[in-house]
Every structure is written in C-alpha cells, then in structure tokens.
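*Asks:* what shape does this take:
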Amino acid sequence: LAAAPEARLAESIAGEIAHLLKSASTQSRIGIRRVTAGDVMILVRNRTKFMDLMVRALKRRAIPVVGVDRMTLLDQIAVMDLIAFCRFLLLPDDDLNLAALLKSPLVGVTEDELFALCVDRGGKSVWQRVQELADTMPAAQRARDLLDPFLDRAGFATPYEQLSELLEASGGRRRLYARLGDECGEAIDEFLNLALAYEARHAPNLQDMLAWMEQGELQVKRDLDEGAGRVRIMTVHGAKGLEAPVVFLADQRRRPQPLSGLFWIDVGDAQLPLWSPNKASDDPVAARARTDAQRRQLEEENRLLYVALTRAEERLYLCGWRGLQPINEPSWHDHVREAAGKARAKSEPRPASLNGPEEGWEGETLRVSAGAAIAAAETLATTPTEIALPAWLDAPIPDLPDPPRPLTPSRPSEPDPATLSPLGEDQGWRYQRGRVIHHLLEMLPQLPREARSGAAEAFVARRSSAVPVAEREPLARDVTAMLDVPDFAAIFGPDSRAEVPVVATRRGPDGRTEVVSGQIDRLVVLEGEVWVVDFKSNRPAPMQVLHVSQQYVRQLSAYRSALASLYGDRRIRCFLLWTEGPRLMEIPEDMLNAHG
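*Replies:* Numbers count the residues shown, from 1 in each chain. The predicted model follows:
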C-alpha cells in the first residue's frame, strides 16, 4: 500500500505540513506568528480512500487532524470487525462470520492458524472446532478464552456493555489501533455512541440494534469549521465559504463523467427530450446538444476549481496523482498550469523546500503565491455579460421602522399594579382568574340568557385545575350576573364585538412613529359614538379615576388613536370595566390626551 500513488502523495503532503509547522510563519490579526495545524486545509474533489490515507499519514507524524468531513460508519474496517463480533453472539455457528472475526485484530488468528481450524472439520462448525482444539492449539485457546465469556453473557448483558468490555477490558481497542492505526478510534467511538443512543430509545436487543443500523445510512458529519488547532480534510463543495492560510489541493487525473445520452433541446418556447446513447448515433442536432452538455460540464468543473483555488489566504499547494490506466483528459493540475502560464508565472526553478518565497516550475511542480493563484483561477472563469444595473442599487437605504417592532398596548413594559396584599391571594391564580373571566365575558353574551348560567359553570369546571374549588361557583355566578346589570346592556348588546384586533400607526408624544398592535376586549359602535371597553379583574379595584394605573390609561389612549382614522366623525369614549364590584369607569379625555 505504501507504493500506491495516493499513499505516496499523502506521505509527501504530511511531510510538507510537518516542515511548515516547524519553520513557516503566517500573517494574523495580531501580527506575524508561527503556522499551526489549524491553519492548514486539505481539499479533495471526492471522498475516496485518499482521505483515510491522509489522516493516517498526519497522525503518524503526531500532527493534530480533525478527520474527514463525512464518514459512512458501516464502511469502516474497525466497525465491520465489531459487527462481526455482534453477529457471532447472535449465531456462533455462522462459519463465515466467525472466520472473519478470528482473522480480525480483535482475535488475531493468522492465515495458517485459520486454515488449520477450518479445513477437515468433519462436519463440525468452526466454533465447535475452536473449542475442540483449545487445549492443544494456542490460537484456538486464545479465541475460546476471549469469546466464551461474552457468549455466556449474551442473554442478559446489553450490546453496549458487551462492546465496551471487548474494547476496553479485553484490549480490543489496543489491538485494533495496532493493526489499523489510531485513526480508526473515531469510527469506534461513533459506533459505541450509536449503540448507546439505540439503548436509550429502544429495548437493548442486539439483533434489533444491528437491523436498525443496517437500515440507516449512518453517515457521521462534522462541522470542520469548528476544528480549531487541527488540520481539516474536506471536499471542495464542503469548503465553500471557508478559508485557510495554507491549502493543499489534491486531485486525481480522471475521465469526465459520462453523459447520460438524454439531452433537452429548445424548440420554440418549449424543451423536448432527445435520446442519443453515443457519438456514433448523433445526428447534427444531437451532436450540438452533446457539445453544449460537455461545455456546461467543463464550466461546472472550472467553477469548482475556482472555489478550490480561492480558499487559500497565503499559500496554495496543487498536487495529485495518476492511476495505472493512461488518461488523456486534462486534470485540475493541467488547467492551472496552463492558466498560470497565461498569467505570466515565473519560470525560475523551485527551491529545494516548498517553504521558500520563490515561485515557478520545476518539472511538474508549480509554486505560486495566493495572489497569483487567484489570478490564474480568474482566467478560467467565463466573462460575465454586462447588464444594466437597477435604479434601486444606488438609492440610499431607507431608515428602519420607528419603532422597529409594534407597540402592544395590552403588554406594557411597566409592571402591573399591585394587589391589596402579595400574601392575600395566590399570584398564579390571580392571573388565571383574569383569563377565565375574560373568556366568559367573550362567550356568554352570544348565548341565550337562560343558557348562560349552565355554560359558565361547565366552562369553569373544565378549567378546574386552574380554579380553586372555593372560587368555582361564585366565579360563574358573578360573571353571569354581570351581564344582567342595566348599565352594561350596551356593552354586551347586539352592537358590540368581543376581542377586536386593531393595528395602526400613530405619532407618539416624543414625535416618533409608533405601530400599535393589540386586541380590544369589547368594542361598541353606536350611532354617534364608539366605546372602547377594557376588562380589569384587579382586587381591589380603584374607586376613583385618579387612582387608575397610568399604564391602563396609556393602553386605552393607544386604542383611541388607532380607531380615530376609522371613526373620525364619532366621539370615541374609553372605559374600564372592573369585574370586582362590578363597576364601569370612564376615563376622561384630558387623561387620554396626556398620553398622545
């Protein structure tokens, strides 16, 4: 594996990063400082095994690394070994699964030992063969001693307990690290977290847990923008919006994605599908459609390359590898080399270390600054079509609304007036009592007089959790009686409306525009005047107008101002209906005028 091109590239990139961490510096907000691992970002076009090789190469040099931005959990080798262990607990006689488990680092049986266990078994299962040879074969004894206790506890121990015991107390994690590298630790931890999350929501059944895991995609996603102090490895798509002082762009020379053969062509104002499976089948129309599709594909590649090149703030390393099959299609490296040549990149030989300030070519390697890289990338972009800018683009931004949010009179910023005694009445019931009264005064006037008493008692009974037992019957009786008071006939008569929403603007006392948004408890529209009635359930109720809270007066003043534009030819009168008593109190106009 070390001879594979992508493995050699991963080692080269890790070596260069180690060199940068020792000797390179970068510009920050606080001045010049040493490059750290958090300043480095490695970009790839697609998620391939190169990302895992890159993580391994960095960890081998003790360079902090976040890991890849997305990982399919069940595709990780360490997780496959743990699943093989779980399947063994469910069905020990599954010979193929047990053979995979024995060969895994969890048990560590060699090829020759596994061959001896599996050949010439005489119809016995592999597990029976392991138990039979345990006294004479060290590998079989090691497997039996490790797996037998877990098999005995499989009927009552939870999956998480079994996996934790295998990985920690039995040394499974240590053996996996020794064989696969410590980069597998992330997948192991995620698998354990998943097992724990399953047990928190379901019965701890091992078979159900495995079925649940296999039915889901189980992709672990990370926000690599939060990986402070560590190298980030991510796709170009995932790096949109991110930047780093040092960026490595690794790309493999590859053939372009094959076209599907289905093209959409413009015919007048409509689009019609055209099917041509290959170039040999193309007629002139299909050939043009294929050329247009290839052009759009190349433009998308160039846009993605532009995103990749502009992620670098100071240093950009463009590198890649070729596969065994010769490919004539240009790679990103080829595109950048051509564009950099057009941008008149220097041609001096590159110094021995990529850390030097010089730029230029040496063989297939290019070293340019971030500014030159951006200039090269811009040569790949299509020149935008000039368009006429709209007039509003140069217009000044209008002032923000004044105020920025509506004034809600029914929710004033000042505290409510105090009751007679904070200890004389439960404060929670005080507010619940007011809400119950408001609901009754809204609904009961719509009912026939003879049905009001029963409806009030039924409503209070439904709110029994909020109404104390001693309060229920008197509350229903008092509210029903209030509707029969002659002075209140107009308020609850046919010309009145309950819970009327109102939204308007008005000029406040300080000259600022206020947006009034509220709900009037009762609105009475008569021939020559309009009544605004607000219900108050304070206990005790004030006896004189001068003792009324100013926030109540301000609330009614706001409602009056909002209704003035609708009923400009009628007198608007404001009342407070105190349910304690009950008593109707009109607020004089001079008090309302004082609040706008």
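*Asks:* now do the contacts for the closest residue to Leu9 other than its chain neighbours.
*Replies:* Excluding the flanking residues, the one nearest Leu9 by Cβ to Cβ, 6 or more residues apart in numbering is Trp321, at 5.0 Å. C-beta coordinates here come from the backbone N, C-alpha and C atoms, glycine included. By Cβ atoms under 8 Å, 6 or more residues apart in numbering, the contact set of Trp321 is Pro5, Glu6, Arg8, Leu9, Ala250, Gln252, Arg253.
*Asks:* ok, Trp321 to Ile13 distance?
*Replies:* Trp321 sits 11 Å away from Ile13 when distances are taken as Cβ to Cβ, to the nearest Å.
*Asks:* my guess is Arg573 contacts Trp531. True?
*Replies:* Yes. Here Arg573 reaches Trp531: they are 5.3 Å apart, a contact under Cβ atoms under 8 Å.
*Asks:* shared neighbours of Trp321 and Ile13, anything?
*Replies:* Common neighbours of Trp321 and Ile13 (Cβ under 8 Å, 6+ apart) are Ala250.
*Asks:* strands of the stretch 1-150 of the chain, start to end?
*Replies:* Using DSSP state E, counting those that start in this stretch, the strands found in the stretch 1-150 of the chain span residues 25-28, 31-34, 40-44, 65-68, 70-72.
*Asks:* now Asp521. Nearest residue, chain neighbours left out?
*Replies:* Phe535 (4.7 Å).
*Asks:* give me the buried positions along whichever strand or helix holds that neighbour.
*Replies:* Secondary structure from DSSP states H and E places Phe535 in strand 529-536. For strand 529-536, the neighbour count (16 or more other Cβ atoms under 10 Å) marks Val530, Trp531, Val532, Val533, Asp534, Phe535, Lys536 as buried.
*Asks:* so what's the first one bridging to?
*Replies:* Read that as Val530. On the basis of DSSP bridges, Val530 is bridged to Val525, Ile572.
*Asks:* the last one too?
*Replies:* Taking DSSP bridges as the rule, Lys536 bridges to Trp578.
*Asks:* for the residue nearest to Met54 when sequence neighbours are not counted, grab the count of nearby residues.
*Replies:* Distance criterion Cβ to Cβ, 6+ apart; nearest residue to Met54, sequence neighbours excluded, is Ala10 at 4.6 Å. A total of 26 residues lie near Ala10 under the criterion other Cβ atoms under 10 Å.
*Asks:* same question, Gly123
*Replies:* Residues near Gly123, counting by other Cβ under 10 Å, number 5.
*Asks:* mind listing what it touches?
*Replies:* With contact set as Cβ under 8 Å, 6+ apart, Gly123 has no partners.
*Asks:* if we can go back for a sec, distance between the strand holding Phe535 and the chain's centre?
*Replies:* Between the centre of strand 529-536 and the centre of its chain there are 48 Å (Cα atoms, centre = their mean, to the nearest Å).
*Asks:* which element follows it toward the C-terminus?
*Replies:* Counting by DSSP H and E, what follows strand 529-536 is helix 550-564.
*Asks:* that next one vs strand 529-536, what angle?
*Replies:* 150 degrees (axes from the mean of the first three to the mean of the last three Cα atoms, to 10 degrees).
*Asks:* got any ranges where the stretch 101-250 of the chain has weak pLDDT?
*Replies:* Regions of the stretch 101-250 of the chain meeting the criterion pLDDT under 70 cover residues 183, 216-228.
*Asks:* show me the helices in it, by range?
*Replies:* Applying DSSP state H, counting those that start in this stretch to the stretch 101-250 of the chain gives helices spanning 111-118, 126-133, 138-153, 159-164, 172-180, 185-201, 206-215.
*Asks:* relative to helix 206-215, how tilted is the longest one?
*Replies:* Put simply, helix 185-201 runs at 120 degrees to helix 206-215, going by the same axes, to 10 degrees.
*Asks:* over to the third one?
*Replies:* Comparing the axes of helix 138-153 and helix 206-215 via the same axes, to 10 degrees yields an angle of 100 degrees.
*Asks:* and stretch 143-157, how far out from the chain's middle?
*Replies:* Computed by Cα atoms, centre = their mean, the separation of stretch 143-157 from the middle of its chain amounts to 41 Å.
*Asks:* renumber starting at 59 from here on
*Replies:* Got it, the first residue is 59 from now on, which makes the last one we talked about stretch 201-215.
*Asks:* quick one: furthest residue from the center of this protein?
*Replies:* Outermost residue of the chain with respect to the C-alpha centroid, by Cα atoms, centre = their mean, is Pro544; its distance is 60.6 Å.
*Asks:* what score does that one have for pLDDT?
*Replies:* Confidence at Pro544, expressed as pLDDT, is 86.
*Asks:* who's in contact with Ala245?
*Replies:* Met129, Leu131, Gln134, Ala136, Val137.
*Asks:* elements contacting the strand holding Phe593?
*Replies:* Strand 587-594 is packed against helix 485-501, strand 571-583, helix 608-622, strand 629-636, with contacts defined by 3 or more Cβ pairs under 8 Å, 6 or more residues apart in numbering; DSSP states H and E.
*Asks:* returning to what we had before: from Glu64, how far off is the residue nearest to Leu67?
*Replies:* Distance from Trp379 to Glu64, by Cβ to Cβ: 5 Å.
*Asks:* worst-scoring helix or strand of this structure, pLDDT-wise?
*Replies:* strand 418-420 (a mean of 52; mean pLDDT, DSSP states H and E).
*Asks:* which of the helices of the stretch 159-308 of the chain sits closest to Gly626?
*Replies:* Set against Gly626 and scored by Cβ to Cβ, the helices of the stretch 159-308 of the chain come closest in helix 243-259, at 62.7 Å.
*Asks:* now do that closest one and helix 230-238, the angle between them.
*Replies:* Here the directions of helix 243-259 and helix 230-238 differ by 140 degrees (the same axes, to 10 degrees).
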